[in-house]
Structure formats: structure tokens, C-alpha cells
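Visitor: I would like the atomic coordinates for the input below:
(one chain, ligands or ions: 1)
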Amino acid sequence: MLVLGVESSCDETSVAIVRDGKEVLANVINSQIDIHEKFGGVVPEVASRQHVYVISMVFKEAFEKANVKPEEIDLVAVTEGPGLIGSLLVGVNAAKAFALMYKKPLIGVNHLAGHIYANAIEHDMKFPLVALLVSGGNTELIYMKESFDFEIIGETLDDAVGEAYDKVARVVGLPYPGGPHVDRLAHEGVDTYHLPRVYLEDGSYNFSFSGLKSAVINLAHNASQRNEEINKENLCASFQASVTEVLVNKTLRLAKEKDVKQIIVAGGVSANKGLKERFAKETPANIEVCIPSIKYCTDNAAMIAVAGYYQYIKTKETADLSLNASASLELETK
Ligand code: KG4
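Guide: As a prediction, this is how the structure comes out:
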């Protein structure tokens, strides 16, 4: 089964062609990072215009790379949400136009399901499992009894992990998006600042990162008022140590409670080296931790094609041309 995936929820325009949920024939990603860098974050209106500008070229390149003709596609899978509404609409309308023109079945995919199913490209997902979803907009701990069955056990009460990374990066003077830069500097420093580890007193699986972010900001401001230099490497190492300790600790606790044999990590922050190292060090031998390779961690259409494939296998349901984008779409069991 050849699935065409389309992703445009934020600042990446991506089109992919994937065979049987596994073999990625093309995964073309046109990133807008350079455009938004000077603003220190994604500007929604600029993002949607850029999607409009490049999407036809990205489609064309994907078909050329995969060496596939449009007539050969069996299913069109598109991100319907959550994300920036203007950005989402571009992908949804392009996918609908393609489905209409070539008379192909269409399926709307949740972006977060896409991040989770990115793992199915390089690993076999073994249910029941626990998924840790960490991105610029989400931090969620999910229990999956079976495919497309999502029970959200914990989530962030304030900032998403990626968002906290990006804000800390800005305070330290690193470019946008800051996560990879903080990760790199963290490996050149040591945890000397001993920042708080926020476990929440209710003992729940929820997360909170805004206090930690404020601790970093206050530290930097106090230092500058006293004309003292902060050690950027050590501050990044301290921030990363605090974040990864809480993420890994809660994920492993849930994995043991639910007695699962597999943990999958998903979303842009799953590219974090410190997180990978901590999981490798602390996970018991009877639990497998799967993390996608970097190209499938951040936003891409291959993950949408794969999620669409498994969603279709489970539900056999397709959408009609009334399919619409939804900025705050919830992750739902199918
Ligand atoms: O999943 P993603 O591409 O977009 C969303 O759907 O949010 O995630 C982007 C986020 C950004 O906040 C970025 O700084 C963060 O992922 N990120 C990282 C790393 N690579 C990307 N955060 C920490 N360490 C990294 N190595």
C-alpha cells in the first residue's frame, strides 16, 4: 500500500511517500527555520504564506524522488491538527485537491499520532507500550494498550519541554530553535547550578517546566545585575540534567506500573542526546526504549503517512472533502 503523507502544521512543509508503513521512498522537508530565526520564533502568517509558496514544489520533488506516479498512490494522509490554523489549511487543501484530482481515498491524521508512529519506521511497535511525547508544543505521557488507543496519563501544566528549551536558549543568547544548541552546550558543561527537579506534590504523572525556566531566567538576570559572567555550558548542563531526570523518572515509573516492555519517545525533543543517554543508563534490561533517528524526530510527512497507514488499518475509515483543519485537535482513540 503506497501512502502519500502531507504535513504543514507549523514551519515545515513536507510531503512523503511510504510503502506499507515502513519503506520511506521519499520524505521531502522544506524548513522555514531561516525565515523565522530573525523573529526568535514562528510567525504564523509568514509560515502559512511560505507553505503556499512551496507546497507544489515539495509535492513534485517527493514524486520525483520516490519515482512514483500520482496514479499509483493508494491513500492520502494529511495532518489535520493540532497546529497553526493557517499552516494546517495549506496542507489540508493541497491533500484534498490531490485526492479529488486523482480520485484517491483521504484520511486526516493527528500530528501527535504522527510523532508517535514515526517510531514504526525503524522499530516494531509492541503493545502495550508507554509513549513519551516531547515537542515544542506538547509534553505528554501516554499509555497505549493497542494501536491507535491513546490514554493520556500525564501532561504539562504549563510550558512544553521544547518551549522551555527555546526560552532558556534565548536567555543564554543562543539562536532559534534553541533546543539543539542547549543540548550541544550541555555536553560541554557540568551540572553545577543544581536547579530544581519538579516532581509535583500530588505524585501525578503531570509535568511543570515554567518554574525551572524562571529559575534559569532569574539566575541569568541576577548575574548580569552583579556584573558576573554566567557559565553558559554549566547552566545548559544544569537545565538539561533537571529536565531529563524528571522526564526519564516519570516515564520509567509509568512503564513499571503498567508492566510494559517498550517505551517509545516522540517529538522534536526526542532528538536530545542527554535524554537518550539517561534512558540508556537508567532503563532496566527488560524494557526496550525506541527513539526515532533525528530526521523522523522533528516534523516530517513520513510520520504522517505511517500514522495514516496504521489508522486506516485499524478503522478502515476515510474522510470526505469536508475534512477541515483543527488547531486544537485532541489525540483520540480510534
Ligand atoms: O516536534 P517539533 O519539530 O515541532 C513541534 O511539533 O513542536 O519540535 C520542535 C522542538 C523545538 O522546541 C526544538 O527546540 C526542540 O524540539 N528540539 C530539541 C532538540 N532538537 C529539537 N530540544 C532539545 N534538544 C534537542 N536536541
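Visitor: near the ligand, which residues of this structure?
Guide: 10, 135-137, 162, 165-166, 177-180, 183, 267-269, 271-272, 298-299 (C-beta under 6 Å from any ligand atom). All C-beta spots, glycine's among them, are computed from the backbone N, C-alpha and C.
Visitor: for this structure, what's the longest helix?
Guide: Secondary structure of the chain per DSSP state H: the longest helix is helix 232-257.
Visitor: buried residues, it. List them.
Guide: Neighbour-count burial for helix 232-257, counted by 16 or more other C-beta atoms under 10 Å, picks out 232-248, 250-252, 254-255.
Visitor: distance of V190 relative to K281?
Guide: 16 Å (C-beta to C-beta, to the nearest Å).
Visitor: looking at the two, which is more packed in?
Guide: Counted by other C-beta atoms under 10 Å, V190 and K281 do not tie: V190 has more neighbours, with 12 against 8.
Visitor: and the helices in the stretch 201-334 of the chain?
Guide: Shown for the stretch 201-334 of the chain, the helices assigned by DSSP state H, counting those that start in this stretch span residues 210-225, 232-257, 273-282, 294-297, 302-315.
Visitor: would you turn those into TSV with mean pLDDT and distance to R170?
Guide: Shown next, in TSV, are these (pLDDT from 0 to 100; distance: least, C-beta to C-beta, whole Å):
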stretch	mean pLDDT	distance to R170
helix 210-225	93	9
helix 232-257	97	12
helix 273-282	98	19
helix 294-297	93	21
helix 302-315	98	28
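Visitor: out of those, nearest to K126?
Guide: Nearest to K126, of all these, is helix 232-257, at 12.3 Å by C-beta to C-beta.
Visitor: which secondary structure elements does that closest one sit against?
Guide: strand 129-134, strand 139-144, strand 151-155, helix 161-172, helix 179-186, helix 210-225, strand 262-266, helix 273-282 (3 or more C-beta pairs under 8 Å, 6 or more residues apart in numbering; DSSP states H and E).
Visitor: highest average neighbour count across those?
Guide: strand 129-134 (a mean of 27; mean count of other C-beta atoms under 10 Å).
Visitor: name the nearest residue to the spatially most central residue of the chain, sequence neighbours excluded.
Guide: The centroid of the chain falls nearest to G267 when counting by C-alpha atoms, centre = their mean (2.3 Å). Excluding its sequence neighbours, the residue lying closest to G267 (C-beta to C-beta, 6 or more residues apart in numbering) is S135, at 3.3 Å.
Visitor: for stretch 257-273, what is the distance to the chain centroid?
Guide: Its chain's C-alpha centre and that of stretch 257-273 lie 12 Å apart, by C-alpha atoms, centre = their mean, to the nearest Å.
Visitor: ok, stretch 239-252 next?
Guide: 17 Å.
Visitor: return it as CSV; C-alpha atoms alone will do.
Guide: Provided in CSV are the C-alpha atoms of stretch 239-252 (Å, rounded to 0.1, in the frame of the first residue of the first chain):
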residue,chain,number,x,y,z
PHE,A,239,19.0,22.8,33.0
GLN,A,240,19.2,19.6,30.8
ALA,A,241,20.0,17.5,33.9
SER,A,242,16.9,18.7,35.7
VAL,A,243,14.6,18.2,32.6
THR,A,244,15.9,14.8,31.6
GLU,A,245,15.9,13.5,35.2
VAL,A,246,12.1,14.3,35.6
LEU,A,247,11.2,13.0,32.2
VAL,A,248,13.0,9.7,32.5
ASN,A,249,12.0,9.1,36.1
LYS,A,250,8.2,9.6,35.4
THR,A,251,8.4,7.6,32.2
LEU,A,252,10.1,4.6,33.8
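Visitor: so what touches it?
Guide: 130, 132, 134, 141, 154, 161, 164-165, 168, 182-183, 186, 191, 195-199, 205, 207, 209, 212, 216, 263, 272, 274-275, 278-279, 282-284, 287 (C-beta atoms under 8 Å, 6 or more residues apart in numbering).
Visitor: same check on stretch 28-41?
Guide: Contact partners of stretch 28-41, identified using C-beta under 8 Å, 6+ apart, comprise 11-16, 42-43, 46-47, 50, 54, 57-58, 61-62, 65, 166, 170, 175-177, 299-301.
Visitor: that older thread, give me the neighbour count for the residue nearest to G267.
Guide: 24.
Visitor: again, but for the one 10 residues further on
Guide: Neighbour count for K145, taken as other C-beta under 10 Å: 13.
Visitor: with E72 instead?
Guide: E72: 13 neighbours (other C-beta under 10 Å).
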